[in-house]
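Visitor: Build me a model from this:
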Amino acid sequence: MKHQSVVSAGLVLLISVAGVLTLSAQDRSITPPITTAVPPPDEWGPRAGDREITLGGNAGSNKRFDDSFGGVNASFGVFVNNSIEVIVRQAVNYTNPDTGGSRWNGSTFAAVDYHFTRFGRFVPFAGANFGGLYGDSVKDSWAAGLEAGFKYYVQPKTFIFTAAEYSWLFQRAQDLNHHFSDGQYTGSVGIGFNF
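Guide: As a prediction, the model looks like this:
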């Protein structure tokens, strides 16, 4: 009798465990697995109507590399289609000219950039800019330039970027063609967001 009770209790326990395991297996098949799916490539990068902000650091030098500066920059842009962006950019720079001392300068530019969006997360761009330079160690001047760089999207709407530009300075529109060789190089790196 004792033996029969132990066997019965064992069978009840075995059936209970089998039932719990079966229910657990069914629950797992109903519950979707947790995945870290990567969005499709066409969801990365800018779209027509997107706005963009960037924050970065910049540095530059004149063409002879004997006068340099560094600072911070920020920009706000709007994509008029999936590739063309219109941008306003502001920079504040610290310089240490040959004449001694240190000075603060600024620049405000408008730019138009074309983005080559067919490479997925990697988005090269090229464009042109126009604006002004002003501050303690520069003569207030107009400037025009060419720029190029790339953005690498680490999230569908978040990217890191690097860019380089060559700008030439002039006082009057008629001097624009004569001062191309008296320009300055500027490079920048930073982070940006489309929204």
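Visitor: CA only for contacts and neighbour counts going forward, please
Guide: OK.
Visitor: can you give me the helices in the chain?
Guide: All helices of the chain, identified by DSSP state H, fall at 2-30.
Visitor: That one - how does it break down into domains?
Guide: Listed by automatic domain parsing, the domain ranges of the chain are 1-36, 49-194.
Visitor: what sits against the spatially closest residue to residue 167 that is not a sequence neighbour?
Guide: Among residues not flanking residue 167 along the chain, residue 145 sits closest, at 3.9 Å (CA to CA, 6 or more residues apart in numbering). Contact partners of residue 145, counting by CA atoms under 8 Å, 6 or more residues apart in numbering, are 128-130, 165-168.
Visitor: For residue 59, see how far away the nearest residue to residue 105 once chain neighbours are set aside is.
Guide: Distances taken as CA to CA, 6+ apart put residue 135 closest to residue 105, at 4.0 Å, once the chain neighbours are dropped. Distance of residue 135 to residue 59, computed by CA to CA, to the nearest Å: 16 Å.
Visitor: burial measure for the residue lying closest to residue 134 once chain neighbours are set aside, as a count.
Guide: Distances taken as CA to CA, 6+ apart place residue 140 nearest to residue 134, at 4.5 Å, with adjacent residues excluded. Neighbourhood size, residue 140 [other CA atoms under 10 Å]: 17.
Visitor: swap in residue 38?
Guide: Other residues near residue 38 come to 9 when the count uses other CA under 10 Å.
Visitor: cool, the one 5 residues further on as well?
Guide: A total of 14 residues lie near residue 43 under the criterion other CA under 10 Å.
Visitor: One more: the one 4 residues further on?
Guide: As a burial measure, residue 47 scores 20 neighbours (other CA under 10 Å).
Visitor: Skipping adjacent residues, who's closest to it in space?
Guide: By the measure of CA to CA, 6+ apart, the closest residue to residue 47 outside its immediate chain neighbours is residue 82, 4.6 Å from it.
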